[in-house]
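1. what follows is a protein structure lacking sequence information:
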Ligand code: G6P
């Protein structure tokens with residue numbers, strides 16, 4: 001999830017774009033870059049690291065005349081294709097240096113396009129998917145110019161818009177693309193498919209950005225682009241078409257937030273924004289994972305298929321919320337792959353002298369890629385010759401660098417300390433790895449894998465629907481703010497969900513909360529139940545694993561009989577649970593193993609709202625850090 005800014009108008013474009021990037025830096029910050037058009041040249045500068053590195057480089061170049069320009073585009077990057085280096089930072093230029101492109105998203109068919117371009121002697125200078133778009137656009141611009149006015153695009157800006165339309169019609173995946181052409185100095189063109197893009201309407205100037213916070217200090221009139229639209233901005237106006245060139249309209253709106261609310265997309269907290277982003281984060285994590293032959297594609301694989309066939313045991317090692325994702329993964333991997341899988345807390349792992357060898361696959365899960373406990377466990381496993389596969393949200397961080405293979409979650413930067421979208425994308429990554437192993441080892445056929453993937457692909461829409469109906473959960477949260485304890489119970493994959501629900505509440509609301517395997521209640525924890533004790537019960541789907549669901553319903557009856565106030569999370573259509581629920585939270589139907597993608601979400605909202613009602617800092621809870629780099 002990168003940050004994108006474009007400007008055209010009469011003021012110093014470079015400064016406006018840099019200011020916009022600063023406001024968008026929260027979206028991604030492993031590298032940054034700008035392109036400015038001035039005096040018939042495109043000047044670019046790009047640097048790995050924070051925006052400050054780019055600004056320093058620009059100051060150093062001031063002497064050699066980096067211009068303020070009147071047209072500029074800028075980018076802060078959160079790497080997906082290609083590590084976070086100067087070379088891979090955006091903008092990317094065409095080989096002739098006449099076109100510059102920045103991009104947010106993933107171009108799924110980039111390997112095919114790259115091969116096609118290389119066959120025409122185009123030399124790539126980066127590892128990114130974005131560079132394809134720069135070369136393709138330059139080729140289309142050349143073709144259009146050679147065709148002359150007969151191509152139906154008489155003036156430069158129209159030519160640029162047509163060039164962009166021709167390019168995006170060839171792209172698959174999700175993208176926001178912005179481009180400038182040196183021969184069209186007063187225009188920026190952009191295209192949007194499944195990635196955010198808004199236009200800021202100024203007076204004699206116009207803006208483009210990933211979100212309104214980038215231009216809110218200049219204008220409050222904005223246009224949200226629809227899917228599959230191309231927009232051309234010039235100082236004189238804004239023109240929108242669809243990908244075929246037919247005139248189209250965006251959604252005009254007035255921004256009434258202040259600048260800091262705008263960064264949070266109008267939400268009160270980053271955490272709420274990140275909860276709302278989960279459907280998109282899941283969709284992005286699934287993008288490009290299925291090859292044309294129906295096989296799962298990992299990102300960086302320094303393991304052979306034979307290595308993966310030789311695996312006779314899997315260890316999953318992680319901390320905190322990532323550990324809970326690992327607990328869910330165990331159920332999926334053992335069920336699909338039929339090899340033993342153990343889940344370990346990273347801080348405990350190496351001290352108990354685990355038995356590892358070359359045929360052990362260790363899966364480490366870390367949002368940040370820097371958690372010291374997880375890193376030390378990884379190093380211990382490598383010393384024992386185990387193969388290590390990382391699931392990580394931060395491209396180029398230490399954990400993926402030291403692993404033998406990596407699957408990146410494309411959740412985008414997570415700002416709130418309490419993990420939400422990273423968790424659901426880790427689940428998706430775990431499912432993909434399970435399916436990949438099952439396929440390679442011949443225990444699942446391609447069509448069986450594709451059937452699960454298609455269920456996964458349906459989850460973003462289901463989650464959007466769920467998120468649209470959370471008002472009751474918010475009201476319940478306000479009601480529970482004075483509770484002294486809240487208990488969570490679940491079975492099977494509902495057990496880690498119960499643990500995650502309790503962890504969120506501890507982290508954010510500073511309340512006593514415990515998660516239990518529902519079947520363990522009777523062996524001790526049931527003594528905690530008092531008159532009115534809130535107990536959140538995660539009920540499995542009645543479809544497929546009916547026995548499991550009936551057992552949880554019995555557990556609900558046990559706690560109710562002892563006075564508990566039950567908050568039941570159950571699947572749509574499971575009407576029989578109503579009788580046992582003081583509060584019912586209904587989630588969309590999902591296959592049992594995938595259900596945590598749904599059932600966790602109301603618990604995130606519950607914890608966030610209880611914390612807010614208790615007056616706590618939701619995004620930065622006391623005593624916690626986003627990335628814990630000490631053991
Ligand atoms: C910290 C954070 C947790 C996170 C855990 C693991 O404790 O507060 O939210 O789950 O670290 O972080 P990682 O980056 O390795 O997933």
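-> Ah, there it is. None of these values were measured; they are calculated from a predicted model. Numbers count the residues shown, from 1 in each chain.
2. please make it C-alpha for all contacts and neighbour counts, starting now.
-> Will do.
3. and the residue at minimal distance from the centre of the chain, its phi and psi?
-> Geometric centre of the chain, nearest residue: residue 411, 1.4 Å, by C-alpha atoms, centre = their mean. Main-chain dihedrals, residue 411, degrees, to the nearest 10: phi -80, psi -20.
4. what residues are up against the residue lying closest to it once chain neighbours are set aside?
-> Leaving aside its sequence neighbours, residue 411 sits nearest to residue 281 (C-alpha to C-alpha, 6 or more residues apart in numbering; 4.6 Å). If you count contacts by C-alpha atoms under 8 Å, 6 or more residues apart in numbering, residue 281 has them with 410-412, 421, 425.
5. thinking again about what came up before, quick one, what contacts the residue nearest to the centre of the chain?
-> So residue 411 contacts 1, 278, 281-282, 284-285, 393, 421-422, 425 (C-alpha under 8 Å, 6+ apart).
6. what's the pLDDT at it?
-> According to the prediction, residue 411 has pLDDT 88.
7. what's the spacing between it and residue 435?
-> 20 Å (C-alpha to C-alpha, to the nearest Å).
8. before we move on, the earlier item: with secondary structure and distance to the ligand as added columns, please give the contacts of residue 281 in CSV.
-> Formatted as CSV, these follow (DSSP: H, G, I helix; E, B strand; the rest coil; distance: C-alpha to the nearest ligand atom, whole Å):
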residue, secondary structure, distance to the ligand
410, coil, 14
411, coil, 12
412, coil, 13
421, helix, 11
425, helix, 11
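9. phi, psi of the spatially closest residue to residue 269 that is not a sequence neighbour?
-> Take residue 269 and drop its neighbours on the chain: the residue closest to it by C-alpha to C-alpha, 6+ apart is residue 619, 6.3 Å away. Main-chain torsions, residue 619, degrees, to the nearest 10: phi -80, psi -30.
10. residue 619: how many residues sit nearby?
-> 20 (other C-alpha atoms under 10 Å).
11. residue 365 in helix, strand or coil?
-> Following DSSP: H, G, I helix; E, B strand; the rest coil, residue 365 is assigned to strand.
12. for it, which non-adjacent residue is closest in space?
-> Using C-alpha to C-alpha, 6+ apart, the closest residue to residue 365 is residue 391 (4.7 Å).
13. element containing that neighbour, please.
-> strand 387-392 (DSSP states H and E).
14. same deal with residue 537?
-> Assigned by DSSP H and E, residue 537 falls in strand 534-538.
15. buried residues in that strand, which are they?
-> Neighbour counts over strand 534-538 (16 or more other C-alpha atoms under 10 Å) mark 534-538 as buried.
16. check stretch 507-523 too.
-> 507-511, 513-518, 521.
17. ok, it near the ligand or not?
-> No. Using C-alpha under 6 Å from any ligand atom, stretch 507-523 never reaches the ligand; the gap is at least 8.0 Å.
18. how far does that stretch sit from the chain's center?
-> The chain centroid and the centroid of stretch 507-523 are separated by 29 Å, computed with C-alpha atoms, centre = their mean, to the nearest Å.
19. who touches it?
-> Against stretch 507-523 from outside (C-alpha under 8 Å, 6+ apart): 418, 484-491, 495, 498-503, 505-506, 525, 552, 555, 607-608, 610-612, 614, 616-618, 621, 624.
20. so what's the closest residue to residue 118 other than its chain neighbours scoring on pLDDT?
-> Leaving aside its sequence neighbours, residue 118 sits nearest to residue 124 (C-alpha to C-alpha, 6+ apart; 7.7 Å). With respect to pLDDT, residue 124 scores 94.
21. now do residue 124: how many residues are near it, please.
-> 16.
22. among the buried residues of stretch 507-523, which two are most distant?
-> Based on C-alpha to C-alpha, the longest span within the buried residues of stretch 507-523 runs between 508 and 521 and measures 24.9 Å.
23. related to what we said a few turns ago, which other helices and strands does the strand holding residue 391 contact?
-> strand 360-366, helix 372-383, helix 398-402, strand 405-408, helix 421-440 (3 or more C-alpha pairs under 8 Å, 6 or more residues apart in numbering; DSSP states H and E).
24. okay, these in CSV with mean pLDDT and mean neighbour count next?
-> Formatted as CSV, the helices and strands packed on strand 387-392 follow (pLDDT from 0 to 100; neighbours: other C-alpha atoms under 10 Å):
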stretch, mean pLDDT, mean neighbour count
strand 360-366, 97, 28
helix 372-383, 95, 21
helix 398-402, 90, 21
strand 405-408, 94, 24
helix 421-440, 96, 26
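25. kindly present these as a markdown table, with separate columns for distance to residue 250.
-> Putting the helices and strands packed on strand 387-392 into a markdown table (distance: least, C-alpha to C-alpha, whole Å) gives the following:
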| stretch | distance to residue 250 |
| --- | --- |
| strand 360-366 | 38 |
| helix 372-383 | 46 |
| helix 398-402 | 40 |
| strand 405-408 | 33 |
| helix 421-440 | 28 |
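26. and residue 51, which of the ones you listed is closest to it?
-> helix 398-402 (20.8 Å).
27. ok, residues contacting the closest one?
-> 366, 369-370, 374-375, 378, 389-392, 406.
28. and with 6 Å instead?
-> Applying C-alpha atoms under 6 Å, 6 or more residues apart in numbering, the contact partners of helix 398-402 are 369-370, 375, 390, 406.
29. which of those residues come close to the ligand?
-> residue 369.
30. between the contacts of helix 398-402, which sits nearest residue 231?
-> For those, the nearest to residue 231 is residue 406 (36.0 Å; C-alpha to C-alpha).
31. who's that closest one bridged to?
-> residue 300, residue 390 (DSSP bridges).
32. repeat that for residue 317.
-> residue 344, residue 364.
33. same question for the one helix or strand residue 18 maps to, mean pLDDT?
-> Under the criterion of DSSP H and E, residue 18 resides in helix 13-24. Helix 13-24 carries an average pLDDT of 92.
34. ok, now stretch 569-576?
-> 94.
35. contact partners for residue 59?
-> The contact partners of residue 59, taken as C-alpha under 6 Å, 6+ apart, number zero.
36. residue 73 versus that one, what's the distance?
-> Counting by C-alpha to C-alpha, the gap from residue 59 to residue 73 is 18 Å.
37. what does the stretch 351-500 of the chain have sitting close to the ligand?
-> 366-369, 371, 417-419.
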